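Q: A predicted structure for the sequence below; I have some questions about it.
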Amino acid sequence: MINCIAYDVEVLRNFFSITFVSINSYLKVFKDCVNADNKPIPLVQKLSVEEIKARLETVEKHSFYITYTDDSQLLSMIDYINKTRCYKDSNGTIIRTDLYGFNNFNYDNLMIAALLSFYMRTNSTKELINKLYETSKIIISSQDDKDKFKTDFYLNSLRKYKLPFTGVDVMRIFALNKAVFTREQLLNKVWGYDFAGETRTVDTHIKRIRAKLDNTALNWSIKTIYGVGYKFEVE
């Protein structure tokens, strides 16, 4: 089972927050917003603004924040993040949590890594927020300089931090949408040019990824382009 959660990190001078929204819950709440072919349609084609707002209130979500003077939600925030770790339930079913963000590989994931790295190494919430705020400034200022962003020692240490969840960058997904990749390109991108295996290795992994996608309520798919390779589609 995969729990799909959208999340967003907000950092201000004296404020830090993370909001989590269950995509599984969202899709369930709006599951009737489909056309005659059972394809998703814009919510406004089915519901009024008031109805949309009312339903959004029922979507499962969690929001945590800390300020210079209020750290009452800090441990709850950390506990929620740690509980996104993959585990087996009492029936032996593997439960995995994927966190979806926009450009999160280049920002939100790094901020959560910083939070987990420093919350036990600072003497006060003010010191922790200052550290997170400075981290945010470093990330933002480095994004216009690709070389610095990739080689900065501090940012690389955050990238290497093992987060408990699987991160999914929606921006990259849409960037891949409609692009066609040959088996050779996928081999080189994933395993490297020195990989000694065959292109059929890609087919095996594509089959496994498709099986995982089939177990989600997301309208994502990997299409076979015969004679060429594969492309990722978001319907």
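A: That came through, no problem.
Q: which residue is nearest the middle of this structure?
A: Tyr100 (2.5 Å; CA atoms, centre = their mean).
Q: Show me the strands in this structure, by range?
A: Taking DSSP state E, the strands of the chain run over residues 2-12, 15-22, 61-67, 87-88, 94-101, 166-169, 180-182, 220-225, 229-234.
Q: Let me have the ones you listed in a markdown table, extended by mean pLDDT and distance to Leu132.
A: All C-beta spots, glycine's among them, are computed from the backbone N, C-alpha and C. A markdown table is the format used below for these (pLDDT from 0 to 100; distance: least, CB to CB, whole Å):
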| stretch | mean pLDDT | distance to Leu132 |
| --- | --- | --- |
| strand 2-12 | 91 | 6 |
| strand 15-22 | 96 | 5 |
| strand 61-67 | 97 | 9 |
| strand 87-88 | 86 | 28 |
| strand 94-101 | 87 | 16 |
| strand 166-169 | 80 | 18 |
| strand 180-182 | 74 | 37 |
| strand 220-225 | 77 | 32 |
| strand 229-234 | 74 | 32 |
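Q: In TSV, list the ones you listed along with distance to Asn130.
A: Shown next, in TSV, are these (distance: least, CB to CB, whole Å):
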stretch	distance to Asn130
strand 2-12	11
strand 15-22	10
strand 61-67	12
strand 87-88	34
strand 94-101	24
strand 166-169	25
strand 180-182	43
strand 220-225	39
strand 229-234	39
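Q: closest one to Ile129 among the ones you listed?
A: For Ile129, the closest of those is strand 15-22, at 5.3 Å, according to CB to CB.
Q: How far away from the center of its chain is the closest one?
A: 13 Å (CA atoms, centre = their mean, to the nearest Å).
Q: before we move on, what about stretch 36-46?
A: For stretch 36-46, the distance to the chain centre is 25 Å (CA atoms, centre = their mean).
Q: Also stretch 34-41?
A: With CA atoms, centre = their mean, you get 26 Å for stretch 34-41.
Q: Then stretch 132-145?
A: 20 Å.
Q: Now tell me what touches that stretch from outside.
A: For stretch 132-145, contacts defined as CB atoms under 8 Å, 6 or more residues apart in numbering pick out 11-13, 16, 106-107, 110-111, 114-115, 118, 148-149, 152, 154-155, 158.
Q: Can you say which of those residues are buried?
A: Val11, Phe16, Asn106, Tyr107, Leu110, Met111, Ala114, Leu115, Phe149, Asp152, Leu155, Leu158 (16 or more other CB atoms under 10 Å).
Q: Could you pull up the mean pLDDT of whichever helix in the chain runs longest?
A: When secondary structure is assigned using DSSP state H, the longest helix within the chain turns out to be helix 125-142. Across helix 125-142, the average pLDDT comes to 93.
Q: Could you check it and say which residues are buried?
A: Thr125, Leu128, Ile129, Asn130, Lys131, Leu132, Tyr133, Thr135, Ser136, Ile138, Ile139, Ser142.
Q: With stretch 53-64 instead?
A: Using 16+ other CB under 10 Å as the test for burial, stretch 53-64 gives Val59, Lys61, Phe64.
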